[in-house]
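1. got a predicted model here, sequence first, then my questions.
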Amino acid sequence: MIFDRSGSVVYSEQLEHEQIFPRAGWVEHDPMEIWRNTRRVAAAALAGAQLQPGAIAACGITNQRETTVVWDRHTGQPVYNAIVWQDTRTDDLCRELAGDEGVDRYREKTGLPLSTYFAGPKVRWILDNVDGARDRAEAGDLLFGTMDTWLAWNMTGGIDDGLHITDVTNASRTMLMDLRTLQWDGQICADFGIPMSMLPTIHSSSGVLGDLRTVGSLPNVPLGGILGDQQAAMFGQACLEPGEAKNTYGTGNFLLLNTGTEPVLSKHGLLTTVCYRLGDEPARYALEGSIAVTGSLVQWLRDNLGIIKSAPEVEDLARQADDNGGVYFVPAFSGLFAPRWRPDARGVIVGLTRFADRTHIARAVLEASAYQTREVIEAMEADSGVPLNTLKVDGGMVVNDLLMQFQSDILGVPVVRPVVNETTALGAAYAAGLAVGFWESVDEIRANWAHGGQWEPTMPDDERTRLFDGWNRAVTHSFDLA
């Protein structure tokens, strides 16, 4: 995506890459395909906008955060497919690492529970299960990175002195970084059996990291920023003050609350994470509620069941039902993330009768995102003591008016959408532009934020309570199925 000084989209280009499911609970991507696609969309966006590379002030990267790649520093070839954040193959390993101390063994340092979600256990799995990987890693031949690191290394030269780097937001999702020092923790790496020579150098989220050398048509453009996708969306939404929050509706849902310059440890099942760091300023932190399956449930309805032919059709189908007909869909395909953290859960559809049909299932698919969001918001209010009075939303699903109205109804607060829905890409652009002076300060970013739509709650309180009670009953049926 190319943005101008006002934060408006000049041009965008996108390609869908393959989702690989080798067995139940395993989710992979092909890193080489993503690298090829990156070059293709960069070149196509420039061509579509009829711009020369010199017109681009800086480049920023944003990425799905915990997805893990290990590759050979000499050949540039991955030793295995990228293991995606939703993958659950490390469940037994996480239990082993937890030991007698339990899933919170590293929470004080990392802000995270031991979970299949995070990158550290995925690296360990690759080292333990790919022939020769551990020996090659201990010899210094292998590199690890989340997708930002993989792309930055390739974009800045690859095997020809490419930069092996990440930023504080992505590093905070590995379980290997100390939240307070913002450096890799040697003891945790030793516990995980991960050689520190594999790890990238941690940088701020905004700052000139080097020049692009090999990507598409962008030679000599400064790489000015890296942010994990949800932190980038916070930045794009201008949630830059403590107490400001946003919810991104993508493959999963991710609700973040800015808590300022001190990490706040959750007592209600949320994650503590780095929100962003600009240059040499102190890092900002956030509380996060991560929901594993929301937009990907619509993909599942399309690809696995064939009930719809394209994702936008789900709204038309769901509108044909006046309500959910008593049907609830709990999409615990990878277990349940915040605030329940139940890796033993699996997906269920409950409340089926002969009356129920595909329209009710489509409606239940959309409502599942809203119910899960309410669970996370209630946990966030309990941790922060601050009641939510407005929810800022972004991401691919917020064009769905039916979902946005139901979200407002089930929360009982207004839901507000910005003009630019793709705030994740915009946040990465802002981080890069600030690094090179394209924008002088975050005040310009706040000034750029523009109201694009708003939904007000219209549902009676008793109906809101009845529906949410039904959801909570449905969720209990997903437990202990793995």
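-> Structure's in. What do you need?

2. so which elements touch the lengthiest helix in the chain?
-> Looking across the chain with DSSP state H, the single longest helix is helix 358-384. Contact analysis of helix 358-384 by 3 or more CB pairs under 8 Å, 6 or more residues apart in numbering; DSSP states H and E lists strand 245-249, strand 253-260, strand 284-291, helix 295-300, helix 313-319, strand 328-330, helix 401-411, helix 461-476 as its packing neighbours. C-beta coordinates here come from the backbone N, C-alpha and C atoms, glycine included.

3. need those in a markdown table with mean pLDDT, distance to I20 and mean neighbour count, can you?
-> Output for the helices and strands packed on helix 358-384, formatted as a markdown table (pLDDT from 0 to 100; distance: least, CB to CB, whole Å; neighbours: other CB atoms under 10 Å):
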| stretch | mean pLDDT | distance to I20 | mean neighbour count |
| --- | --- | --- | --- |
| strand 245-249 | 89 | 24 | 26 |
| strand 253-260 | 89 | 23 | 24 |
| strand 284-291 | 90 | 22 | 26 |
| helix 295-300 | 92 | 14 | 20 |
| helix 313-319 | 95 | 24 | 18 |
| strand 328-330 | 97 | 24 | 25 |
| helix 401-411 | 96 | 28 | 21 |
| helix 461-476 | 97 | 29 | 14 |
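
4. now the strands for the stretch 1-150 of the chain?
-> Assigned by DSSP state E, counting those that start in this stretch, the strands in the stretch 1-150 of the chain fall at 2-3, 9-11, 28-29, 59-63, 68-72, 82-83, 142-146.

5. can you check which of those gets nearest to L199?
-> Of all these, it is strand 142-146 that lies closest to L199, at 6.1 Å by CB to CB.

6. for T149, what are its contacts?
-> Shown in contact with T149 (CB atoms under 8 Å, 6 or more residues apart in numbering): 69, 143, 164-166, 170, 200.

7. distance to I83 added to the helices and strands packed on helix 358-384, as a markdown table?
-> What follows is the helices and strands packed on helix 358-384, written out as a markdown table (distance: least, CB to CB, whole Å):
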| stretch | distance to I83 |
| --- | --- |
| strand 245-249 | 22 |
| strand 253-260 | 19 |
| strand 284-291 | 17 |
| helix 295-300 | 16 |
| helix 313-319 | 28 |
| strand 328-330 | 24 |
| helix 401-411 | 30 |
| helix 461-476 | 27 |
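
8. quick one, which of those gets closest to A425.
-> strand 245-249 (11.6 Å).

9. tell me what that closest one is packed against?
-> In terms of contacts (3+ CB pairs under 8 Å, 6+ apart), strand 245-249 is packed against helix 229-236, strand 253-260, helix 358-384, strand 391-394, helix 423-435.

10. please redo it, this time with the cut-off set to 7 Å
-> On a contact count with 3 or more CB pairs under 7 Å, 6 or more residues apart in numbering; DSSP states H and E, strand 245-249 meets helix 229-236, strand 253-260, strand 391-394.

11. mind checking which of these is nearest D443?
-> D443 sits nearest to helix 229-236 of all the helices and strands packed on strand 245-249, at 13.7 Å, using CB to CB.

12. A428 contacts L227, correct?
-> Yes: contact criterion CB atoms under 7 Å: A428 and L227 qualify, at 5.5 Å.

13. can you pull the residues that touch both of those two?
-> Both A428 and L227 are in contact with T62, where contact means CB atoms under 7 Å, 6 or more residues apart in numbering.

14. residues near the closest residue to Q19 other than its chain neighbours, how many?
-> Leaving out its chain neighbours, the residue that sits closest to Q19 by CB to CB, 6 or more residues apart in numbering is V27, at 6.9 Å. For V27, the neighbour count with other CB atoms under 10 Å is 21.

15. next, V27: phi, psi?
-> Main-chain torsions, V27, degrees, to the nearest 10: phi -140, psi 130.

16. you'd agree it is up against W85?
-> No: the pair V27 / W85 is not scored as a contact, 8.1 Å apart, by CB under 7 Å.

17. am I right that G224 is in a helix?
-> No: going by DSSP: H, G, I helix; E, B strand; the rest coil, the assignment for G224 is strand, not a helix.

18. for R319, find the nearest of the helices and strands packed on strand 245-249.
-> With CB to CB as the measure, strand 391-394 is the member of the helices and strands packed on strand 245-249 nearest R319 (19.5 Å).

19. for the closest one, packing partners?
-> Packing partners of strand 391-394 (3+ CB pairs under 7 Å, 6+ apart): strand 245-249, strand 415-418.

20. CSV please, covering these and showing distance to D91.
-> Listed next are the helices and strands packed on strand 391-394 as CSV, based on distance: least, CB to CB, whole Å:
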stretch, distance to D91
strand 245-249, 26
strand 415-418, 35
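
21. gap between L209 and P222?
-> Distance, L209 to P222, by CB to CB, to the nearest Å: 8 Å.

22. more crowded one of the two?
-> Each of L209 and P222 has its neighbours counted (other CB under 10 Å); L209 has more, 23 against 20.

23. by contact count, what packs against the helix or strand harbouring that one?
-> For L209, the element it lies in under DSSP states H and E is strand 206-211. Strand 206-211 sits against strand 222-228, helix 423-435, with contacts defined as 3+ CB pairs under 7 Å, 6+ apart.

24. confirm G325 sits in a strand?
-> No: under three-state DSSP, G325 falls outside any strand and is assigned coil.

25. just to check, it is in contact with A362?
-> No: the pair G325 / A362 is not scored as a contact, 10.9 Å apart, by CB under 7 Å.

26. compare neighbour counts for those two and give me the winner.
-> The neighbour comparison of G325 against A362 (other CB under 10 Å) goes to A362, with 27 against 17.

27. isn't M175 right next to G120, touching?
-> Yes: taking CB under 7 Å as the definition, M175 is a contact partner of G120 at 3.9 Å.

28. does F337 touch T294 like I think?
-> No: applying CB under 7 Å, one finds F337 not in contact with T294, separated by 10.8 Å.

29. more crowded one of these two?
-> Per other CB under 10 Å, whichever of F337 and T294 has more neighbours is F337, with 30 against 27.

30. separation between the more buried one and G295?
-> Taking CB to CB, one finds F337 at 14 Å from G295.

31. could you list the low-pLDDT ranges of the protein?
-> Along the chain, the parts satisfying pLDDT under 70 run over 216-217.

32. do that again at 50, thanks
-> For the chain, no stretch is flagged by pLDDT under 50.

33. domain-wise, how is it divided?
-> 2-229, 238-418+450-481 (the TED database).

34. quick one, which of the helices and strands packed on strand 245-249 gets closest to I445.
-> That would be helix 229-236 among those, by CB to CB, at 7.4 Å.

35. in terms of secondary structure, what does that closest one contact?
-> On a contact count with 3+ CB pairs under 7 Å, 6+ apart, helix 229-236 meets strand 59-63, strand 245-249, strand 253-260, strand 271-276, helix 423-435.

36. of all these, which one is nearest G111?
-> strand 271-276 (2.9 Å).

37. give me the contact list for that closest one.
-> Here strand 271-276 has contacts from 111-112, 168-169, 172-173, 179, 205, 227, 231, 234-235, 256, 258, 263-266, 283-288, 290, 338, using CB under 7 Å, 6+ apart.

38. likewise stretch 80-98?
-> The contact list for stretch 80-98 (CB under 7 Å, 6+ apart) reads 20, 25-31, 64-70, 105, 114-117, 121-122, 124-126, 130, 191, 292, 334-335, 343.
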